[in-house]
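Chemist: Got a sequence here, can you model it:
(2 chains)
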Amino acid sequence: MSSIILALIIGAAFGAVLDRVGATNPNWIGKMLALKHLHLMKTILLAIGTGAVLMFGGQMLGLVDVGHMSVKAAYVGVFIGGLLLGAGWAASGYCPGTGVCAAASGRKDALFFIAGGLLGAAAYMATYPAWKASGMLDDIAGGKVTLGTVPGSGFDGIWAMSGDILGIVLGLVFIAIAFALPERLSGEGRLSDVPAE
Amino acid sequence: MPLNWKIGGVLLGFVFFLAVLLVKPIGVSTQFVILDGIVADAVSSDFITQTEEGWTSTNAYMAKSDGKYAKNAANPLNYSFVFVLAMMLGAFLSAKARGGVGRDERTMPALWRANFGENQWKRYAMAFLGGFVVLYGARLAGGCTSGHMMSGMMQTSLSGYIFALGAFAAAVPVALMMYKKEA
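Modeler: Numbering: from 1, shown residues only, chains lettered A, B, ... in the order given. Modelled structure (predicted):
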């Protein structure tokens, strides 16, 4: 039961924050991916960096249970799936999480995204055996691996160096990139430069 | 107007951290499979079945990893599924509190309108097609923007980096081609 309460609290917080940072707004997604307006990209990079520093820092101090880490396997299909997701993300302006949140915020086109998503997931369920047989779901580079070796995580590291320290360093790199990135890369000087929405 | 990226980024990062601290990393796209499973089992009751060891399904994907997905579809009141429902509630309340999404925006985003015109069915068709490709891709990859890109790169997992590389390699050219005009 307590896990359901946590799901409600963390889930609601996640949905609310996605809404407030503009991630549920396809205008912001489209302009970010077209490199016209990188405000949301800065938000995302800062979020990854903040999360990494807090998590690895907490693990080093013994405040965060390393056992809560969950690393997904690396295989060729991850890259192909990433390409597909990226194309659809740009075309629709939604990804799975922001799509459901956008629909909840009142966007009707997001309902069509969800319907398409349910059908796409079903299509994958139906074609899964073919992917499995193709070998493209087989582990590469060790499968469920982290870049450094995180003590006690149970996951192998590509490099033997401390995964905690590397995690914090990479987190700081993400934060630095977030600060260094300009708000715009292209389309400078247009009238509509001001804010989106 | 969205939050300043410094505040928004720290808040978003804190939520991802909170999830790992208290439960496990955030992920969303699996729940599309779970909802499909719930629907399929409602239509044809032998889609998911209970065995002596646990749960299984006539669908190989639902049955994989010892019926993990089949079990969750049979018991929708589990952490990950409720999490997505709660996300919707959070986004709904947040949007309401800031005055809601404007009427024109509800049909289609201004960026779409500026590039492709007023026809809402064109937008709905692209949203549907996009949703299909996004979820097919997410399931093939084993995660989406939340699970692979955010949670994955935060944990320094190799797969998160591979995924992000693929996602942006496709997303940026597609967006550059589609959104020549700004709203």
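
Chemist: Now do the strands in chain A.
Modeler: A:145-146, A:156-157 (DSSP state E).

Chemist: and the first one, anywhere near chain B?
Modeler: When you say that, I think you mean strand A:145-146. Yes. Judged by CB under 8 Å from any CB of the partner chain, strand A:145-146 and chain B are in contact via A:V145, A:T146. Any C-beta I mention is one placed from the backbone N, CA and C, and that applies to glycine too.

Chemist: so what does that strand touch, helix or strand wise?
Modeler: strand A:156-157 (3 or more CB pairs under 8 Å, 6 or more residues apart in numbering or on different chains; DSSP states H and E).

Chemist: Tell me who's in contact with residue 119.
Modeler: Let's take chain A. B:G131, B:F132, B:L135 (CB atoms under 8 Å, 6 or more residues apart in numbering or on different chains).

Chemist: CA atoms of stretch B:74-83 as CSV?
Modeler: Extracted C-alpha coordinates of stretch B:74-83, given in CSV (Å, rounded to 0.1, in the frame of the first residue of the first chain):
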residue,chain,number,x,y,z
ALA,B,74,-3.4,-8.5,-14.1
ASN,B,75,-2.9,-6.3,-11.1
PRO,B,76,-3.1,-2.7,-12.4
LEU,B,77,-3.0,-1.3,-8.9
ASN,B,78,0.8,-1.4,-8.8
TYR,B,79,3.4,1.3,-8.4
SER,B,80,4.4,1.9,-12.0
PHE,B,81,0.9,2.0,-13.4
VAL,B,82,-0.5,4.2,-10.6
PHE,B,83,2.6,6.4,-11.1
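
Chemist: what's in contact with that stretch?
Modeler: A:3-4, A:6-8, A:10-11, A:14, B:23, B:26-27, B:30-31, B:34-35, B:38, B:41, B:48, B:50, B:55, B:72.

Chemist: Mark which of those residues are buried, thanks.
Modeler: A:3, A:6-8, A:10-11, A:14, B:23, B:26-27, B:30-31, B:34-35, B:38, B:41, B:48, B:55, B:72 (16 or more other CB atoms under 10 Å in any protein chain shown).

Chemist: Please work out which of the strands of chain A is packed deepest.
Modeler: Comparing these by mean neighbour count (mean count of other CB atoms under 10 Å in any protein chain shown), strand A:145-146 ranks first with a mean of 24.

Chemist: who touches B:F132 in this structure?
Modeler: By CB under 8 Å, 6+ apart, the contact set of B:F132 is A:G88, A:G116, A:G117, A:L119, A:G120, A:A123.

Chemist: out of the residues you listed, who has the most neighbours?
Modeler: A:G117 (34 neighbours; other CB atoms under 10 Å in any protein chain shown).

Chemist: what sits against it?
Modeler: A:G117 sits in contact with A:P96, A:G99, B:F32, B:G131, B:F132, B:V134, B:L135, where contact means CB under 8 Å, 6+ apart.

Chemist: surely the first one meets B:V133?
Modeler: This means A:P96. No. Here A:P96 lies out of contact with B:V133, judged by CB atoms under 8 Å, at a distance of 11.7 Å.

Chemist: Compare the two (neighbour count), which wins?
Modeler: Between A:P96 and B:V133, A:P96 has the larger neighbour count (other CB under 10 Å), namely 31 against 24.

Chemist: the domain parsing of chain B - what is it?
Modeler: Here the domain parsing of chain B from automatic domain parsing is B:27-100, B:109-183.

Chemist: related to what we said a few turns ago, mean pLDDT and distance to B:D66 added to the strands of chain A, as CSV?
Modeler: Converted to CSV, these look like this (pLDDT from 0 to 100; distance: least, CB to CB, whole Å):
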stretch, mean pLDDT, distance to B:D66
strand A:145-146, 97, 22
strand A:156-157, 96, 22
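
Chemist: Give me the local confidence score for A:R184.
Modeler: According to the prediction, A:R184 has pLDDT 81.

Chemist: A:T98 versus that one, what's the distance?
Modeler: To A:T98, A:R184 is 22 Å away according to CB to CB, to the nearest Å.

Chemist: out of these two, which sits in the busier spot?
Modeler: A:T98 (32 against 16).

Chemist: quick one: the more buried one from B:F14, how far?
Modeler: Here A:T98 is placed at a distance of 18 Å from B:F14 (CB to CB).

Chemist: Can you list which of the contacts of A:G117 are found in strands?
Modeler: Among the contacts of A:G117, no member falls in strands (DSSP E).

Chemist: from these, which single one is nearest B:M1?
Modeler: Nearest to B:M1 among these: A:G99, at 21.8 Å, using CB to CB.

Chemist: Isn't A:L181 up against A:T43?
Modeler: No. Between A:L181 and A:T43 there is no contact under CB under 8 Å: 10.5 Å.
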